[in-house]
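Peer 1: Quick one, fold the following:
(chains A and B)
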Amino acid sequence: GNSVTQMEGPVTLSEEAFLTINCTYTATGYPSLFWYVQYPGEGLQLLLKATKADDKGSNKGFEATYRKETTSFHLEKGSVQVSDSAVYFCALSDQSGYSTLTFGKGTMLLVSP
Amino acid sequence: DGGITQSPKYLFRKEGQNVTLSCEQNLNHDAMYWYRQDPGQGLRLIYYSQIVNDFQKGDIAEGYSVSREKKESFPLTVTSAQKNPTAFYLCAIAQGPYGYTFGSGTRLTVV
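Peer 2: Residues are numbered from 1 along each chain as shown, chains lettered A, B, ... in the order given. Here you go, the predicted model:
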């Protein structure tokens, strides 16, 4: 079956540091890949996505590249801010359309001033 | 919340009681989902529905029930058979290859 593995947190960084959150996946076929962000007490928001190999998703300074050869979709940001503190979820969908999403367990990011 | 509304935001359940969580959407999407979130567990799929009057069990459906009588509404009932219902419940709609849009969640606590 499908699965997503994320690095365990919390990840603790100082403001303006470089961020990487690792994500690898197992899936049949050609999944779409997503990063979601969850702020305390809220639902999840889509951060970025990639639907085919070598695609790069980007949003709000965050980037992730769909690497089929390494089955990875690592999240990066060059300079984090305190407001980036949240839980980040990697997810995959094994078909376009209405299939279910499989989520990783989430990685908490804490950024200090 | 992008047109998807969950209520209430907080809910308290007594032992042996059934409670129903509401999820409403005005985005005219067919597919709707219920997930449960526990600390350190990520999101686990409870039920989903791809069309009115039809729904499928997810990975942890035991102790839960749903209905889909209208396209706009997908309520989740947490029954007394669910022995550990304290969790954060998230409803979502699918937007094709663009992923999901989530509601703001309902936090259920057993008292």
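Peer 1: how many other residues sit next to B:Cys23?
Peer 2: Here the count is done by other C-beta atoms under 10 Å in any protein chain shown, and B:Cys23 has 24 residues near it. (Each C-beta comes from the backbone N, C-alpha and C, glycine too.)
Peer 1: Could you give the secondary structure assignment for the closest residue to it other than its chain neighbours?
Peer 2: Leaving aside its chain neighbours, B:Cys23 sits nearest to B:Cys91 (3.5 Å; criterion: C-beta to C-beta, 6 or more residues apart in numbering or on different chains). B:Cys91 falls in the strand class when you classify it by DSSP: H, G, I helix; E, B strand; the rest coil.
Peer 1: Quick one: residues contacting B:Cys91.
Peer 2: B:Ile4, B:Gln6, B:Leu21, B:Cys23, B:Met32, B:Tyr33, B:Trp34, B:Tyr35, B:Phe74, B:Leu76, B:Phe102, B:Gly103 (C-beta atoms under 8 Å, 6 or more residues apart in numbering or on different chains).
Peer 1: Quick check: A:Gly61 vs chain B, distance?
Peer 2: Here the distance between A:Gly61 and chain B works out to 19 Å (C-beta to the nearest C-beta, to the nearest Å).
Peer 1: so what's that residue closest to, chain neighbours aside?
Peer 2: A:Lys77 (5.2 Å).
Peer 1: beta partners for the one you found?
Peer 2: Following DSSP bridges, A:Lys77 is listed with bridge partners A:Leu19, A:Phe62.
Peer 1: repeat for A:Leu33
Peer 2: Applying DSSP bridges to A:Leu33 gives these bridge partners: A:Ala50, A:Leu92.
Peer 1: and the residue positioned nearest the centre of chain A, what element?
Peer 2: For chain A, A:Trp35 is the residue whose C-alpha lies nearest the centre (C-alpha atoms, centre = their mean; 3.3 Å). Per DSSP states H and E: A:Trp35 is located in strand A:32-38.
Peer 1: Which other helices and strands does that strand contact?
Peer 2: strand A:23-26, strand A:44-50, strand A:62-65, strand A:86-93 (3 or more C-beta pairs under 8 Å, 6 or more residues apart in numbering or on different chains; DSSP states H and E).
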